[in-house]
Each structure stands twice: as C-alpha cells, then as structure tokens.
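let me see the structure of the following:
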Amino acid sequence: MSFTITTRKTSPFKDQKAGTSGLRKNTKVFQQENYVENFIQSFFNALNGDIDKELGESGRVSLMVGGDGRYFGLECVARILKLAAANPRISKVIVAQNGLMSTPAVSCCIRKYQTFAGVILTASHNPGGPNADFGIKFNCSNGGPALQHFTDNIYAISTQIAEYNIVENFECDVSKIGLKKFDIQGREFEVQVIDSVQDYLELMQQIFDFNALREYFKSGVKITVDALNGVVGPYAKRILCQELGMSESEARNCNPLPDFGGFHPDPNLTYAKSLVDLMKKGEHDFGAAFDGDGDRNMILGKDAFFITPCDSVAVLAANLNLIPYFQREGIKGFARSMPTSGALDLVAKEMGMKCFETPTGWKFFGNLMDSNQLSLCGEESFGTGSDHIREKDGLWAVLAWLSILAAKKTSIKEILIAHWKKYGRNFFSRYDYEECDSDSANKMMQHLKDQFEKADFGGKEFSFGDKKYAVKLADDFQYTDPVDHSVTTKQGLRIVFTDGSRVVFRLSGTGSSGATIRLYIDSYENDPSKYELDAQIVLNPLIQIALEISKLKEFTSRTEPTVIT
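Numbering: from 1, shown residues only. From the prediction side, this is the model:
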C-alpha cells in the first residue's frame, strides 16, 4: 500500500515561542485544530535547513520520539508520525513502546541510535490531564536540549506558517516492538518501536557496579522510591527491583498515568509529601522521588533527612571516584546553575577542578560536556546529571547515591555531616510564588533593577535582628559560553553580600499560566555547631531582607510562598 501526502492550509498561532525547556501550555491549547501540526511543521522546516547544511540537499535522517505518558501524549505521537511520514528528509522515526520514554532515556537513545534530533512530549514536573499541562521539546543530535538559536528559528517560522504536509491516513501501532516499513509515494519510510527501558538499563550497567549494588540491597538496607505515577516507574521496577533486588512493594506509584493519579509530579518536600511522611516513620534507610519525565530527583535519608539538591551534587562530586564510569573516564570538571548554592565550588576548589557557573537550563551544560570540560553538573531545582547523556537524570542520581552508600557502608546523614565538617555548609532555600499576576511580578523585578542602579546600593547595609549584610554586588546575571562564546543575558537578578551570602530573584519561564517568582537564598557557614540547624531558621534574616529589598509582598499581595524547598 502506498500512502499519499496532503498539503493543508493553516494560519499562524502567535504563542509558539519555546521557553528554556520547550513549549508548555495548557493541554487544551495543544488540542486546538492545527496547533500541534503548525508547531511540528515549523520544527521540520527548521530541521530541514540544518539537514541541508550538514548533509546536503539529498540528506535523510532519523528522529527519536517519546514522552512521559501524560494525557494527549499518544494522540500527539500519532500526529507527529503523520507529519514525519510527509517529510521526505526523514527516513525513520524511532518511537518508544507505547510512546513512554523518560527524558534521560530519550537522550540516551538519541546517542545510541545516532538520530539527528528528538521530540519529547512532556511538561516535566507540571501536572497532567485534560485541564492541566502538556509540552513539546526538541533535542539535538548530542542528546541535549535544542539551543536557543534553533528554537528561535522555529518560533520565527511558526509566525509565518501557511501550510503543513501530512499523510492523513497513516497509522502505526506503537504498542508492539519492532521495525515497520511504509511506502510514501514511492519513498520508503520506517518506524522502529523500541524498548527504551532495556536501552537505558544497558547504559546504567556500563556506569555502575551492579554486583556491588546487589550486595548492598541484600545487606538489610531498606530502600523505597516514589515515581509519582510518572514515566520513571517502568525503569525503576526493571532496574531497582528486577536487576538489583528491591521489593516490588517499595516501588511506589510506579504505574505511569495520564494525570499522574492526581499528583503534582514534582519531587520536592511539598508535592512528594507522602514519601516524606513515610520516611519520617524511620523504617527506611533511603528514599527517592522522581518527577513526571524522570529527569529530577529528591533524596531522603532515614527519618526523612533531606538532602538539598545543592548538597547532593557537591557530595557526588566529592565521591565520584567510587563509581566505575569515572574511574575509567576520569573527572574533567564541574558546573552548576547560577541560583544553585556554592557547595559544589568548594569541592571543585579542593580537588583543583574548574567549576562553571551557568544560566538555568541543561542545554548550557551540553557544550561543556561536548568539549570534555565537564563530568558532573547540577541545578537547585532537583536536577543532577553527568556526561553519560546530555540531560539531567533522576534514576542515575539515585544509583550514584546508592553506589556511594554501598562503598562507604554508612548512612546518608553521616555522609552529609562528614562532608560539612570538611567543606563547611551552604545553607540554601528556594521560595516559589506560583501563578502570580504577570504584570505585578514584572513590576517587582523592575523595582529591583531600579534599586541596583542607585549609586548608593553597592555597599548598602541591611540588618534583621542581630544579623547585618552589606551589598558587594548587584546585577542581572549574564553568561558567555566558553566554547562558542555566545552571550546569554537576563538570567536572574542577584545580590551578593560581602560575606558571600546571596539572594537571587528569577521569573520562571516553564509554567503554563501566570508567572512564578523564584527567590533563592544561599549562605555559607563554617561553624560546626550550626551545621545541623534548620535551614529556615539560619536563613530567616536573609529571607526577610530579601523580601524587604524586593517589596515582593507589596507588589504581589502574596504573604507566603506556594512551595518552600
């Protein structure tokens, strides 16, 4: 049977500009007639230009497609296949079985199968369902998120698009693994359905000592994980249960659901409360939660001892030599996003390694990895990863922590306290004010910029109780990429005080409605008597000063954050 390509007329949508992690909107927006078709055709038009540059006008490429299982995902896979079949530059689409594929596994499989690009159907840690969020993001051939110049090109094309090409009656069953071939007006087009869990497992087996991990699981340690009904569930059951021996009953909420079972699939102390409450009982030694698409993680020790993401990446850095992959490949350098605490910097300094400070967004780490300058990186937003792929990787982080615990034969809390005794402690917290009025949020940010420009702001002293802080630096962070020398501006308003403490304000671009104001507070302490104090108590003076400087309550009428991390 030969399929026929149809050209459909369309009109542009003006809101298809991707943020740091793709295009995220309410699901109903994506369900509008031609919305997905316009966006994917704009992507293909931009991609075809890159194919011309790299492979010439006759070049044909393969594409990776997968998603986190949220509502509308399978329908979107079907639409992408109809559009891809109509693009003569695409010879093959590789699809995850049932369309289910974690973001780390997409990166893994792009690299393994050497596809030219990838499409990930996810809104990450945002809720899913018909009245919640959906998203589409694009990855490039290194497995990492598409760079801004490419997504800007997609947006420019989307504002002018007048037609798209589609094979209307094209259908392919993505529930069955295997290769299927089709004739599209005399041109061969292939769809390969893969078991991405197996592909990801094989990569993890190359990184970690699974025999040592199996022995650790047999030692009596009690481990539990919560996938919040996101895509990690099948990966956790296959690797942690079937391969390493964790009880199936400890793989909680590991059945991917279109609405995540009502969970907000964001692994933090607020939205993963059921895991926190379980760990508080003291019956488990190790607990972990994952987000919707599997790239974020939260680690808890016995009695719900919480490891901040900032501390997590720092401890991993200090112990990478315990993991076979790094014993084999060596350690090249470290990096963190600007809002993330300076805990990683202290480890890097002690090891004589470079530590890069980048804007928020995993794509900024990719260039450093590809130029062999970076082995481990992290973001305060529960993202940790290494150069094994080009995305953050929640399950990798859990296996890394378990490997360190297996080697050291001690508890999470004891590892953290020993780390603080050696390096000091960066007390860190993040306040999220979600769904603020956008106009009010922008006015608050402008107020801060106006304060920064005042001649007397530098050196100005602020006090709360018996604590005093003098301003050393106040700016809008910008980053010059050391590899391609591109400049990224307007990445967050930061105030650095003379003692090294920092407060940072950012407007998040990853939500689908309103604005999210993020306030980050970071303060270093080298007094051992204070290491085990509650971070909210230690940081309260700095938090109050940040609220005073920003006038956040006055501008937004918000008296409390939605989430405290």
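
report the helix or strand with the lowest average pLDDT across the chain.
strand 563-564 (a mean of 88; mean pLDDT, DSSP states H and E).

for this protein, longest helix please?
helix 35-55 (DSSP state H).

what helices or strands is the least confident helix or strand of the chain leaning on?
The contact analysis (3 or more Cβ pairs under 8 Å, 6 or more residues apart in numbering; DSSP states H and E) places strand 563-564 against strand 425-436. Where C-beta positions appear, they are placed from N, C-alpha and C, glycine not excepted.

list the strands paired with the strand it packs on, with their directions.
strand 515-525 (antiparallel), strand 563-564 (antiparallel) (DSSP bridges).

kindly export the longest one (C-alpha atoms) in CSV.
In this case it means strand 515-525. Extracted C-alpha coordinates of strand 515-525, given in CSV (Å, rounded to 0.1, in the frame of the first residue of the first chain):
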residue,chain,number,x,y,z
ALA,A,515,4.2,34.0,36.5
THR,A,516,6.3,32.1,39.1
ILE,A,517,8.7,34.2,41.1
ARG,A,518,11.6,32.2,42.5
LEU,A,519,13.6,33.5,45.4
TYR,A,520,16.9,31.8,46.2
ILE,A,521,18.8,32.2,49.4
ASP,A,522,22.3,30.9,49.9
SER,A,523,24.5,31.5,53.0
TYR,A,524,27.8,29.8,53.9
GLU,A,525,28.6,28.7,57.5
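
mind listing what's buried along the helix or strand following it?
Scanning forward in sequence from strand 515-525 by DSSP states H and E, the next helix or strand is helix 535-550. Using 16 or more other Cβ atoms under 10 Å as the test for burial, helix 535-550 gives Ala535, Val538, Leu539, Asn540, Pro541, Leu542, Ile543, Ile545, Ala546, Leu547, Ile549, Ser550.

next one: stretch 430-446
So stretch 430-446, judged by 16+ other Cβ under 10 Å, has buried residues Arg430, Tyr431, Asp432, Tyr433, Glu434, Cys436, Ser440, Ala441, Met444, Met445.

just put those residues in a markdown table and tack on pLDDT and distance to Tyr71.
A markdown table is the format used below for those (pLDDT from 0 to 100; distance: Cβ to Cβ, whole Å):
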| residue | pLDDT | distance to Tyr71 |
| --- | --- | --- |
| Arg430 | 94 | 28 |
| Tyr431 | 95 | 30 |
| Asp432 | 93 | 24 |
| Tyr433 | 95 | 27 |
| Glu434 | 91 | 21 |
| Cys436 | 94 | 26 |
| Ser440 | 94 | 31 |
| Ala441 | 95 | 28 |
| Met444 | 97 | 34 |
| Met445 | 97 | 33 |
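
now, which of these sits nearest Val193?
Closest approach between those and Val193, by Cβ to Cβ: Glu434, at 37.4 Å.

show me where the stretch 51-200 of the chain has helices.
73-85, 103-113, 148-158, 196-207 (DSSP state H, counting those that start in this stretch).

out of the strands paired with strand 425-436, which is the most enclosed?
strand 515-525 (a mean of 22; mean count of other Cβ atoms under 10 Å).

let me see the mean pLDDT of that strand.
Averaged over strand 515-525, pLDDT sits at 95.

go on, stretch 157-174?
Here the average pLDDT along stretch 157-174 is 98.

over to stretch 451-469?
Per-residue scores along stretch 451-469 average to 94.

go ahead and produce CSV holding the CA coordinates of it.
C-alpha atoms of stretch 451-469 as CSV (Å, rounded to 0.1, in the frame of the first residue of the first chain):
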residue,chain,number,x,y,z
GLN,A,451,17.4,49.7,43.2
PHE,A,452,20.5,48.1,41.7
GLU,A,453,21.1,51.2,39.6
LYS,A,454,21.1,53.6,42.5
ALA,A,455,24.6,54.9,43.3
ASP,A,456,24.4,54.0,47.0
PHE,A,457,23.1,50.5,46.6
GLY,A,458,26.6,49.0,46.3
GLY,A,459,27.9,48.9,49.9
LYS,A,460,24.5,49.5,51.4
GLU,A,461,23.9,47.7,54.7
PHE,A,462,20.8,45.8,55.7
SER,A,463,20.0,44.2,59.0
PHE,A,464,17.5,41.9,60.6
GLY,A,465,17.8,41.1,64.3
ASP,A,466,21.5,40.8,65.1
LYS,A,467,22.5,39.9,61.5
LYS,A,468,23.9,42.5,59.2
TYR,A,469,24.6,42.2,55.4
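
now it: buried residues?
Quick answer for stretch 451-469 (16+ other Cβ under 10 Å): Gln451, Phe452, Phe462, Phe464, Lys467, Tyr469.

and stretch 256-263, by the same measure?
Buried, per 16+ other Cβ under 10 Å, within stretch 256-263: Pro256, Leu257, Pro258, Asp259, Phe260, Phe263.

do stretch 547-562 as well
Result for stretch 547-562 [16+ other Cβ under 10 Å]: buried residues Leu547, Ile549, Ser550, Leu552, Phe555, Thr556, Arg558, Pro561.

now swap in stretch 25-41 and tell me
Under 16+ other Cβ under 10 Å, the buried positions of stretch 25-41 are 25-27, 29-31, 34-41.

pipe those into CSV and attach distance to Tyr216 per row.
Formatted as CSV, the buried residues of stretch 25-41 follow (distance: Cβ to Cβ, whole Å):
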residue, distance to Tyr216
Lys25, 43
Asn26, 44
Thr27, 41
Val29, 46
Phe30, 43
Gln31, 46
Asn34, 53
Tyr35, 48
Val36, 45
Glu37, 49
Asn38, 50
Phe39, 45
Ile40, 45
Gln41, 50
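
other residues contacting stretch 536-556?
427-429, 431, 433, 436-437, 440-441, 443-444, 447-448, 451, 462-465, 467, 469, 495, 501, 503, 505, 517, 519, 521, 523, 525, 530, 558-559, 564 (Cβ atoms under 8 Å, 6 or more residues apart in numbering).

no further questions, thank you.
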